[in-house]
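# Have a look; sequence and predicted model below, questions after that.
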Amino acid sequence: MSRLAHCVAALTLLLTSLPALALPSFAEVRAAHQPSDAWLLARDGTPLATRRLDRSVRRLPWVKLRDISPALHRAVLISEDKRFLDHAGVDWQAAAAGAWGNLWNERRRGASTLSMQLVGLLDAESRRKGRRSLLEKIDQTAGALLLERHWSKDQILEAYLNLVPFRGELEGVAAMSRGLFGKWPEGLDEQEAALAAALLRAPNARPDLVARRACGLLREMQREALCRDIDAVAAVALGSVLHRPDQTPQLAPHLAVKLLTQPGQRIKSTLDAGLQRFAGETLRRHLGALEKRNVEDGAVLVADNASGEILAWVGSSGELSDAAEVDGVTALRQAGSTLKPFLYGLAFERRDLTAASLIEDAPLTLATGNGLYAPQNYEPDYRGWVSARMALAGSLNVPAVKTLVRIGADEFQQRLRRFGFDSLTERGDWYGYSLALGSADISLLMLANAYRTLANDGRWSSLRATPEGKAPACRADSCGTFGGSPRRAMSPQASFLVGDILADHAARAGSFGLESWLATPYWSAAKTGTSKDMRDNWCAGFSRRYTVAVWVGNASGAAMHDVSGISGAAPVWREVMDWLHRGDAAGRGRVNSRAAEAPPGMVAQTIRFEPSAQHTAEPQRREWFIGGTERSVVRPAQAQALARISYPAEGMVIALDPDIPPGRQRLPLQLSARGAAGWQWRIDGRPAGRADRASRWLPQPGKHRLALVDAKDAELDAVAFEVRALRGRR
């Protein structure tokens, strides 16, 4: 068949196929445009982070025609479709010239108009194949004619520029402009526009070939003088990777990973952009000062007490870290002394202690299933008898362990779970007495919300990272921070008392001095913590309106060199807390923070301490008591008054080894202090020996109740424990 016959057949098929074609509307195409990235926004809409989720292409948001440089309009039309404004979808003059050239085997510019190319871009199957058959070209021509009936010229040009691939993975004018030239499309100059237009015919050509083609376009645009350095511009734009197509500052990348899951998402968070930036800069500045002490990582979380909205989420130190992708907000680390407020609060609530109760800070050794446990203070000295207020504010370790012995590790673990520490999945006896000193792994996220719970009078509620309450992706043991019904974690009275102690500058002065980072000029309550071997240090605290929590350490778990909570995390905590309260010249108002009023049931009482041979009295002061526990005179108790069952502990499970003779597995029955004459042990109601001397019991499988009784057979203390017999080895 002759070439002329082919043309006739094609034209006939074109005319007959017109009614059958169906193309989307401009509005549908624009609505379906999906960027390859997703964006996390601050509460005011400021971009905080971006995350690329489609790796097959790099595509940015749709750009309106009025926001694209006129120089690019002109260069594209000269390059691809000179008579675009005059034809109705098909440039018959160019088509005839192309047909004539094909007849004589001459190389000529293609006859595809922008409208025809756009039809091809809208046809996913055609885009996938790349090359088109004769019938597909006819369909494309018919589609161009139909497209021009329903779309305006501006709509066609706008859609074309947003859909056409330019180079490599860069698709659309926004990705091209940002990726190659580091600017938005409205800022492209004539040189850059010519280079961009030259890429349309050969997206992956060498820079020198693209420059030669762009120079030809500039001549047609009567701008030949711009050819002088076009090679250098092309080499910079195309020969290296200098720009990131989306240049949103990565201020909250870790939260972005947890919230952004679909390409094109634009999720508004509860984060405050100014606070997020300040918290990150403050963390990096302080870590930089600690560089020689082997510390490179840190994290900061800030929450609004009333709403639970997260205002800042800084997951790492960024470029200072060798593991910047690890989120320090959700990573599990040993809690250190930051759990002590919840222990003392439980003791206050149970009325086992008051803030004025005296606890002996002296060397202590406790028997455990793994041997002897001998807790020591952070400072290598002991203070003798100290009040619970001084012990908690000064973060003394031995009094905390003695308080846990009194409370029981299992009950403390259950109370921590009510405060949202979902990572504490084992029973209390699994953690043992070291739970008082923070041996359990927790996250900064859990810690922040637990301290926020204290600020809210002991009522726990979930945190929110978005206004709608969308829960970020989380680990199984931390999801509860963003879900769950509000609950009572501690009584208002005990929570008030803990907050009052943590805000007491004088009470903490013995350990931290009067001018520490925790001594704010406004009311705030704070606690520091340092884990074993200085691997982690923390500072968490709250004012009336905000809770701030900071972790400093190493993502690798490496120990720091002489960095404690007061020198590592506390300075960051203080600067962030000050930023929240001081206001600024930009219009952010000053926030006042005053001590809360005592809840009903609290009694203020002036007390004095009676000195003794073992006790240097604390100064007379006015103290808070939960109603019914108040007193005016405080003196050290006799040793017998402090004696409680220390081993076995409440809820303990003891496993017998069948390969060890029974006589070698006798269980020591121990008190926390020396017993009085006449005291006896009772196991399941039966006598088990004297309690004022060392005593061992031959364990029997089953559940048991151990009781301590005095000379008059009155029960002083009791615990329940279990003995299990293991099967013999083969």
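Noted; the coordinates are in hand. Nothing here was measured: the structure is a model prediction, and the numbers come from that model.
# C-alpha from now on. contacts and neighbour counts both.
OK.
# Which element, helix or strand, includes R284?
Taking DSSP states H and E as the criterion, R284 maps to helix 273-289.
# same check, this time on R682
strand 680-683.
# Buried residues of the helix or strand following the helix holding R284, list them for me.
Downstream of helix 273-289, the next assigned helix or strand under DSSP H and E is strand 297-304. Neighbour counts over strand 297-304 (16 or more other C-alpha atoms under 10 Å) mark 297-304 as buried.
# give me every residue that touches the spatially closest residue to K183 that is not a sequence neighbour.
Ranked by C-alpha to C-alpha, 6 or more residues apart in numbering and with sequence neighbours excluded, the top spatial neighbour of K183 is S177, at 5.8 Å. By C-alpha atoms under 8 Å, 6 or more residues apart in numbering, the residues touching S177 are 183-185, 188, 245.
# do the same with Q620
When contacts are counted by C-alpha under 8 Å, 6+ apart, Q620 touches 606-609.
# list the helices and strands the lengthiest strand in the chain packs on?
Ranked by number of residues, the top strand in the chain under DSSP state E is strand 715-725. On a contact count with 3 or more C-alpha pairs under 8 Å, 6 or more residues apart in numbering; DSSP states H and E, strand 715-725 meets strand 645-647, strand 653-656, strand 702-709.
# try 6 Å this time
With contacts taken as 3 or more C-alpha pairs under 6 Å, 6 or more residues apart in numbering; DSSP states H and E, strand 715-725 sits against strand 653-656, strand 702-709.
# Provide a list of residue ranges in the stretch 201-350 of the chain with pLDDT below threshold.
240-247 (pLDDT under 70).
# All the helices of it, residue numbers only.
Along the stretch 201-350 of the chain, the segments classed as helices by DSSP state H, counting those that start in this stretch run 207-220, 230-239, 253-259, 273-289, 340-349.
# Would you convert the buried residues of strand 297-304 into a markdown table that also reports distance to F512?
Converted to a markdown table, these look like this (distance: C-alpha to C-alpha, whole Å):
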| residue | distance to F512 |
| --- | --- |
| D297 | 24 |
| G298 | 22 |
| A299 | 23 |
| V300 | 22 |
| L301 | 24 |
| V302 | 24 |
| A303 | 26 |
| D304 | 27 |
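# hmm, back to that, who does the strand holding R682 pair up with?
Applying DSSP bridges, strand 680-683 is found paired with strand 686-690 (antiparallel), strand 702-709 (antiparallel).
# Give me the contacts around the longest one.
Think strand 702-709. For strand 702-709, contacts defined as C-alpha atoms under 6 Å, 6 or more residues apart in numbering pick out 679-684, 715-723.
# Which of those residues are buried, as a ChimeraX select command?
A single ChimeraX command selects the buried members of those (16+ other C-alpha under 10 Å):
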select :679,680,681,682,683,718,719,720,721,722,723
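# re earlier: only the C-alpha atoms, please, for the longest strand of the chain, written as PDB.
This file holds the C-alpha atoms of strand 715-725, laid out as PDB (Å, rounded to 0.1, in the frame of the first residue of the first chain):
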ATOM      1  CA  GLU A 715       0.800  -9.400 112.900                       C
ATOM      2  CA  LEU A 716       3.300  -6.600 111.900                       C
ATOM      3  CA  ASP A 717       3.700  -7.400 108.200                       C
ATOM      4  CA  ALA A 718       3.000 -10.100 105.700                       C
ATOM      5  CA  VAL A 719       3.800 -11.100 102.100                       C
ATOM      6  CA  ALA A 720       2.600 -13.700  99.600                       C
ATOM      7  CA  PHE A 721       5.100 -15.700  97.500                       C
ATOM      8  CA  GLU A 722       5.200 -18.900  95.400                       C
ATOM      9  CA  VAL A 723       7.600 -21.800  95.200                       C
ATOM     10  CA  ARG A 724       7.800 -23.800  92.000                       C
ATOM     11  CA  ALA A 725       9.500 -27.200  91.500                       C
END
